[in-house]
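Trainee: Have a look at this fold, sequence not included:
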C-alpha cells in the first residue's frame, strides 16, 4: 500500500531549515487560531459622573463621532455632564499617531505603566471597577495595529469588555493637561 499524503506539512530536515519550519508552523497555527476566534469587544459603555451612571451603546458613540449629534441616553448623559456633542465628537475622533513598535515599547515601560494607570482610572472594566490598565493596553495595541494611530472611539471599540468611562475624571485630566500649557518649555 503506498504511503498516504499527510495533511500536516513535513518540516524540512536540513541544518538551518528546522528553525524556519518551526516558525512557519507557529505562524500558521496563530493564523488559524486568530481566524477562527470570535472578536471580543465592548458593546456598551457606562458613563459615570459621581453617583450618576448611564449605559450607552458603542454604536451611539460611533454615530455621535460621525454626525456630531447625540440622541436618547447619550444625549441625557452629555447634558448631565455639561458636555457639548461637538466637543465630544472632537474628543472621540482625535487621532493620535503611534506605531505598533513604539506602542509596545511605551506600554511596557515604567512611563507607559504610569500612563496606563492614569488613563485606566478613566476607562475601566464595567463589572470589576478595577483599574483598566491591562484592558487598555489590549485596546491600544489592537487600535494601532491597523493604521499606526488610535482614537478614543477606537479604544472603546477595541476594549475587550464593556467599559466604564468616568466623565468627571476626564474633566480633571483636561484641566491637568491645560496646566501643561503654562509650563515654560
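Mentor: Arrived safely. Note that the structure is a prediction, hence the values are computed from the model and not measured. Numbering: from 1, shown residues only.
Trainee: Residue 93: neighbouring residues, count only.
Mentor: The local packing of residue 93 (other Cβ atoms under 10 Å) involves 15 other residues. Using the backbone N, CA and C atoms, a C-beta is placed for each residue, glycine as well.
Trainee: check contacts around it.
Mentor: Contacts for residue 93 (Cβ atoms under 8 Å, 6 or more residues apart in numbering) come out as 65, 151-153.
Trainee: That one and residue 74: what is the separation?
Mentor: 15 Å (Cβ to Cβ, to the nearest Å).
Trainee: Residue 152 too?
Mentor: 14 Å.
Trainee: Equivalent analysis for residue 147, please.
Mentor: 26 Å.
Trainee: and residue 66, how many neighbours?
Mentor: Around residue 66 there are 12 residues (other Cβ under 10 Å).
Trainee: And the contacts of the helix or strand hosting it?
Mentor: Element membership for residue 66, per DSSP states H and E: helix 58-67. Residues from elsewhere that reach helix 58-67 (Cβ under 8 Å, 6+ apart): 41-45, 69-74, 85, 88-89, 92-93, 153, 156-157.
Trainee: Can you say which of these are buried?
Mentor: Among those, those classed as buried by 16 or more other Cβ atoms under 10 Å are 41-42, 44-45, 70, 74, 85, 88-89, 92, 153, 156-157.
Trainee: Among these, show me the least confident.
Mentor: Among the buried ones among the contacts of helix 58-67, residue 41 carries the weakest pLDDT, at 65.
Trainee: contact partners of stretch 98-108?
Mentor: Here stretch 98-108 has contacts from 112, 115-116, 137, 140-141, 144-145, 148-150, using Cβ under 8 Å, 6+ apart.
Trainee: how far does that stretch sit from the chain's center?
Mentor: In terms of Cα atoms, centre = their mean, to the nearest Å, the centre of stretch 98-108 is found 13 Å from the chain centre.
Trainee: Show me which residues of that stretch are buried.
Mentor: Those would be 98, 100, 103-104, 106-107, for stretch 98-108 by 16+ other Cβ under 10 Å.
Trainee: quick one on the thing from earlier: which of the contacts of stretch 98-108 sits closest to residue 170?
Mentor: residue 115 (14.9 Å; Cβ to Cβ).
Trainee: From residue 107, how far off is the closest one?
Mentor: 8 Å.
Trainee: Show me what secondary structure element comes after the helix holding residue 66.
Mentor: Immediately after helix 58-67, counting by DSSP H and E, sits helix 72-80.
Trainee: Output the residue ranges of the strands in the protein, listed in chain order.
Mentor: 44-49, 52-57, 96-97, 123-125, 149-150, 163-166 (DSSP state E).
Trainee: For residue 81, find the nearest of these.
Mentor: Short answer: strand 44-49, nearest of those by Cβ to Cβ, at 5.1 Å.
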